[in-house]
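Colleague: build me a structure from this.
(chains A, B, C and D)
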Number of protein chains: 4
Amino acid sequence: MTGRYPSSLGTSDPTTIRLLGNDLAEDLMGSVGFGELAFWLLARRRPTPQQNRVFEAVLVALADHGFTPTAIVARLTYLSAPDSLQGALAAGLLGGGSRFLGVTEDTGVFLVAVVKNLDDLPTDDAAWDDVARRVVAAAKDEGRFVPGLGHPVHKDVDPRTPRLITIAHDESTYGPHLALFEAIGRVHPQILGRRLPLNGAGVCGAALADLELPVDLLRGVALLARAAGLLGQLAEEREHPVGMAIYTAVDRNAVEIPLDE
Amino acid sequence: MTGRYPSSLGTSDPTTIRLLGNDLAEDLMGSVGFGELAFWLLARRRPTPQQNRVFEAVLVALADHGFTPTAIVARLTYLSAPDSLQGALAAGLLGGGSRFLGVTEDTGVFLVAVVKNLDDLPTDDAAWDDVARRVVAAAKDEGRFVPGLGHPVHKDVDPRTPRLITIAHDESTYGPHLALFEAIGRVHPQILGRRLPLNGAGVCGAALADLELPVDLLRGVALLARAAGLLGQLAEEREHPVGMAIYTAVDRNAVEIPLDE
Amino acid sequence: MTGRYPSSLGTSDPTTIRLLGNDLAEDLMGSVGFGELAFWLLARRRPTPQQNRVFEAVLVALADHGFTPTAIVARLTYLSAPDSLQGALAAGLLGGGSRFLGVTEDTGVFLVAVVKNLDDLPTDDAAWDDVARRVVAAAKDEGRFVPGLGHPVHKDVDPRTPRLITIAHDESTYGPHLALFEAIGRVHPQILGRRLPLNGAGVCGAALADLELPVDLLRGVALLARAAGLLGQLAEEREHPVGMAIYTAVDRNAVEIPLDE
Amino acid sequence: MTGRYPSSLGTSDPTTIRLLGNDLAEDLMGSVGFGELAFWLLARRRPTPQQNRVFEAVLVALADHGFTPTAIVARLTYLSAPDSLQGALAAGLLGGGSRFLGVTEDTGVFLVAVVKNLDDLPTDDAAWDDVARRVVAAAKDEGRFVPGLGHPVHKDVDPRTPRLITIAHDESTYGPHLALFEAIGRVHPQILGRRLPLNGAGVCGAALADLELPVDLLRGVALLARAAGLLGQLAEEREHPVGMAIYTAVDRNAVEIPLDE
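Modeller: Numbers count the residues shown, from 1 in each chain, chains lettered A, B, ... in the order given. This next block holds a predicted model:
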């Protein structure tokens, strides 16, 4: 197909716009929710209503966590360049990397790698616990963290975790990745010597893996959720600005040190 | 409130996460759709189900238009830096400026400026037509474009326009901004000397203005929609890559010119 | 030239790389300084050594101002996504907009607009003062700021201003834009009722305008300078990190307010 | 140092601006070149004139390579959002990731890892060749590429490579990393079974490693160089625009495929 660029996304002719094989105006607008369309675009298949409810619960869970680095960055960029809303949003999203927003994808990748190598899926908790013990011990031996464990604020329980598991059960999308994630939650104290909560970003990764979304695009789900959250931060910055106060507080507390210190 | 940073967005303590004055896990996850939450974040009030259906129809309408500059940019950035999905998404969104993605906001701003200066709102089409004649003539006199008119492909009718108007009627959110926009569609040929379609980006701006979203954040709605579309472009780039072919086609057709040409 | 993309920038064949009409390896590497090349790329003509010294002095003047919003943004983005240095740099540059980094361009645009409309260039300070009085008074009447006046820290004299003027005199690039800028510095207290310093960003805009760089690309000069400064900030963040402390200080001081406050 | 943010970069008081322990106006402006300042900021030490000439030669070598993905991205973003020069620059830089702009850093990291583990540095070519044979063979065994080898256009010799080596010799900065890189160039055909050129991005990484810049910031050098190049691309886009032609060529050649193809 020399010189042609194939796509199943948006195409148009003078009277019709097509998207994902459908007529945008007639079949999609007013009929498809935005979260549903986002799933469809990412997975290249339309979700069932059950899958969509879990997917939207994840998006809601990940949208905003207050004054995270991404939120501060968006607000300071808006302070500095208020003429470019897209720049403030983009700057915020650029913090969506390995550390603060990457746990969802890391957890999904971790769980998928384990599950796809199982010859048979465990059928009860005890069997899942055996698998979990093995992978937590292996991670410990290799000096790696198990993604999705631990939270700086929610030391005991991250409230998103039981809630998302309940929703997944309600919608019958609960599958092996959530099962393994819960098993890790049960067995890790025996191996690691302390009890850590299953965090919300991690349970989102597990739930999305059960929806069979492409695992290396899970960061994209977190970024989409955060895009809405950052727009909320910018809307609030217009009403209750804090950017100048943050900048001033930092600048005022600068202390010069010699280069070789 | 020295040294304190006020926010009604996300806050958390060891057992609870709050967002927009609600309990995130108990009240929002599984109960609020993602589009609904995005409206809430932007407008700082929860939409009615009617408002939400119109809002999500707008998001669906604006998500993707195929190989736009923003989509090409996202794909080429992913080609060049595949390790950073957030970079590819951010690069694409940075094209969401005045020209290709700004019509929604421009149209909203234009319509709101007219409507808020009307002493009394017209009550029939003939009266709206009078208003529309006045503003189109004024724009023409000043050499300004009327935003929302014209489309490079949909020369006659942009199919999104009648569809969104129907949805707004269905949901009883049709208000003065859509009324003025339709009147502009009726009267402009008499004044400008040619018939242009009311385009989809423009009708989205009019419909959002009727939802009373902050008009200088309408670009944010377009950016959120486009974030989903760009993730779809990147998901497709993984399956059916075109980035290298685009780059090669451009590079191969470079022709050196002298500096002073 | 259908389907061809003209450029006088980089082109290559199996044995040669050309840039700006020169052989990159033979004519440019080792012979042209980086600042000189940047001028050449922006202006599409090679600077004289005199012009280049003024240009590099501007770049040095604008590179870093400590914990500005752009620096904080770059550091927080690096904290959040340390795997993507380009993301942290890009996020910082996105604050290079109208407010914090735009003064250089705004001043240049303002001065160029005045100078190009003069029938004859003044030949002494008194005549420049007449021009300056007219434009400051006009700005005051229209409620507009005169760009380049005032500084939050350097209330009396911004030390960069006399230094850059001296360099421009030394290199014989001092021209009408710096002359007008200095005249504004002399006359504005009579008209505005208070004495403000000519700030460093403004004098850079005036000096660059005298170098006849394209005035709507002056922001680009500030961005290039800041790119070096931000890389310095990121290099320092690796050695003496402050990102986590800034984030924590903000997050710890969040206070929840009701939505309708 | 609770609540204080240490920095040796820019600080200011009402009469003075300091940067890197110097008085910006008196000591740096007009005295320090821009490339020299960039080295100082990145390495946190001032380069010698010899080191600086090599550093600036690298910046010149990496500034622009014509219609690369980063250049196309910057131009298309400028087409789409011409109101935001910083957005177009940032979008272009976001392509500075692992694939197209990462070779400089990858090569530096590779060479440094080898050199720092040598008990004694070889003192002649034959001894360097032994080291090189070992590391090329090891890379081959592990199925990894040796970074810095090969180029899509310069199949035989990349003209930047011998030129930069000559400059490094001239300035007496030629050290173990360039020596190892040249040895790899001599021995790899015996091991890999084909002769590949030492490419320009790789030789830049080797030369920078010999300057003892922090090896995980070498990508930053490439990004700074590219920032100048992208500003040149944007300056040219204003004079000889190609963005619309590129967009149209892609869009016109889109072909709809079914989702499941």
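
Colleague: tell me which residues touch the residue nearest the centre of chain A, please.
Modeller: Taking C-alpha atoms, centre = their mean, the centroid of chain A lies closest to residue A:222, which sits 3.0 Å from it. Residue A:222 makes contact with A:62, A:96, A:101-102, A:104-105, A:201, A:204 under the criterion C-beta atoms under 8 Å, 6 or more residues apart in numbering or on different chains. Any C-beta I mention is one placed from the backbone N, CA and C, and that applies to glycine too.

Colleague: tell me what angle the strand or helix carrying it forms with helix B:218-239.
Modeller: Using DSSP states H and E, residue A:222 sits in helix A:218-239. Helix A:218-239 and helix B:218-239 meet at an angle of 170 degrees, taking axes from the mean of the first three to the mean of the last three C-alpha atoms, to 10 degrees as the criterion.

Colleague: going toward the C-terminus from helix A:218-239, what's the next helix or strand?
Modeller: By DSSP H and E, the next helix or strand past helix A:218-239 is helix A:243-252.

Colleague: please name the nearest non-neighbouring residue to residue A:80.
Modeller: Of all residues not flanking residue A:80 in the chain, residue C:95 sits nearest, at 3.5 Å (C-beta to C-beta, 6 or more residues apart in numbering or on different chains).

Colleague: let me fix that: residue A:103
Modeller: By the measure of C-beta to C-beta, 6+ apart, the closest residue to residue A:103 outside its immediate chain neighbours is residue A:201, 3.7 Å from it.

Colleague: and the strands in chain A?
Modeller: Taking DSSP state E, the strands of chain A run over residues A:5-7, A:11-12, A:17-19, A:22-23, A:254-256.

Colleague: closest one to chain B among the ones you listed?
Modeller: Nearest to chain B, of all these, is strand A:5-7, at 4.5 Å by C-beta to the nearest C-beta.

Colleague: ok, that closest one: who's next to it in the sheet?
Modeller: In the sheet containing strand A:5-7, the strands it pairs with under DSSP bridges are strand D:254-256 (parallel).

Colleague: interface residues of chain A facing chain D?
Modeller: Remark: the part of chain A in contact with chain D comprises A:1, A:3-8, A:11, A:18, A:20-21, A:44-45, A:81, A:83-84, A:86-87, A:90, A:94, A:250, A:253-259, A:261, using C-beta under 8 Å from any C-beta of the partner chain.

Colleague: could you report the neighbour count for the nearest residue to residue A:221 once chain neighbours are set aside?
Modeller: Of all residues beyond its chain neighbours, the one nearest residue A:221 is residue A:208 (6.1 Å), with distances taken as C-beta to C-beta, 6+ apart. With neighbours defined by other C-beta atoms under 10 Å in any protein chain shown, the count for residue A:208 comes to 30.

Colleague: let me see the contact set for residue A:208.
Modeller: A:55, A:58, A:104, A:108, A:218, A:221.

Colleague: adding neighbour count, write those out as JSON lines.
Modeller: Compiled in JSON lines, the contacts of residue A:208 are given as follows (neighbours: other C-beta atoms under 10 Å in any protein chain shown):
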{"residue": "A:55", "neighbour count": "26"}
{"residue": "A:58", "neighbour count": "31"}
{"residue": "A:104", "neighbour count": "31"}
{"residue": "A:108", "neighbour count": "31"}
{"residue": "A:218", "neighbour count": "26"}
{"residue": "A:221", "neighbour count": "25"}
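
Colleague: dump those residues to CSV, plus pLDDT.
Modeller: Compiled in CSV, the contacts of residue A:208 are given as follows (pLDDT from 0 to 100):
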residue, pLDDT
A:55, 98
A:58, 98
A:104, 95
A:108, 97
A:218, 96
A:221, 97
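
Colleague: mind putting the residues you listed into JSON lines with distance to residue D:139?
Modeller: Written out in JSON lines, the entries for these read as follows (distance: C-beta to C-beta, whole Å):
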{"residue": "A:55", "distance to residue D:139": "43"}
{"residue": "A:58", "distance to residue D:139": "41"}
{"residue": "A:104", "distance to residue D:139": "34"}
{"residue": "A:108", "distance to residue D:139": "31"}
{"residue": "A:218", "distance to residue D:139": "32"}
{"residue": "A:221", "distance to residue D:139": "36"}
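
Colleague: before we move on, back to that, filter the residues of chain A next to chain D down to the buried ones, ChimeraX style.
Modeller: In ChimeraX, a selection of the buried entries from these looks like this (16 or more other C-beta atoms under 10 Å in any protein chain shown):
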select /A:5,6,7,8,11,18,20,44,81,84,86,87,90,94,250,253,254,257
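
Colleague: hang on, residue A:8 packs against residue D:255?
Modeller: No. With contact taken as C-beta atoms under 8 Å, residue A:8 and residue D:255 are classed as non-touching, separated by 10.1 Å.

Colleague: what is the least confident helix or strand in chain A?
Modeller: Among the helices and strands of chain A, strand A:11-12 carries the lowest confidence by mean pLDDT, DSSP states H and E, at a mean of 88.

Colleague: can you list the residues that contact it?
Modeller: With contact meaning C-beta under 8 Å, 6+ apart, strand A:11-12 is reached by A:17-19, B:65-66, B:153-154, D:254, D:256.

Colleague: where are the low-confidence patches of chain A?
Modeller: A:1-3, A:261 (pLDDT under 70).

Colleague: quick one, what contacts residue A:111?
Modeller: Neighbour list for residue A:111: A:177, A:180-181, A:205-206, A:209 [criterion: C-beta under 8 Å, 6+ apart].

Colleague: any idea how far residue D:257 is from the residue nearest to residue A:5 when sequence neighbours are not counted?
Modeller: Closest residue to residue A:5 in three dimensions, ignoring its sequence neighbours and counting by C-beta to C-beta, 6+ apart: residue B:242, at 4.5 Å. Shown here: residue B:242 relative to residue D:257, a distance of 11 Å by C-beta to C-beta, to the nearest Å.

Colleague: what touches both of those two?
Modeller: With contacts taken as C-beta under 8 Å, 6+ apart, the residues that reach both residue B:242 and residue D:257 are A:6-7.

Colleague: closest one of the contacts of residue A:111 to residue B:113?
Modeller: Of all these, residue B:113 sits closest to residue A:205, with 45.7 Å by C-beta to C-beta.

Colleague: how many neighbours does the closest one have?
Modeller: When counting by other C-beta under 10 Å, one arrives at 34 neighbours for residue A:205.
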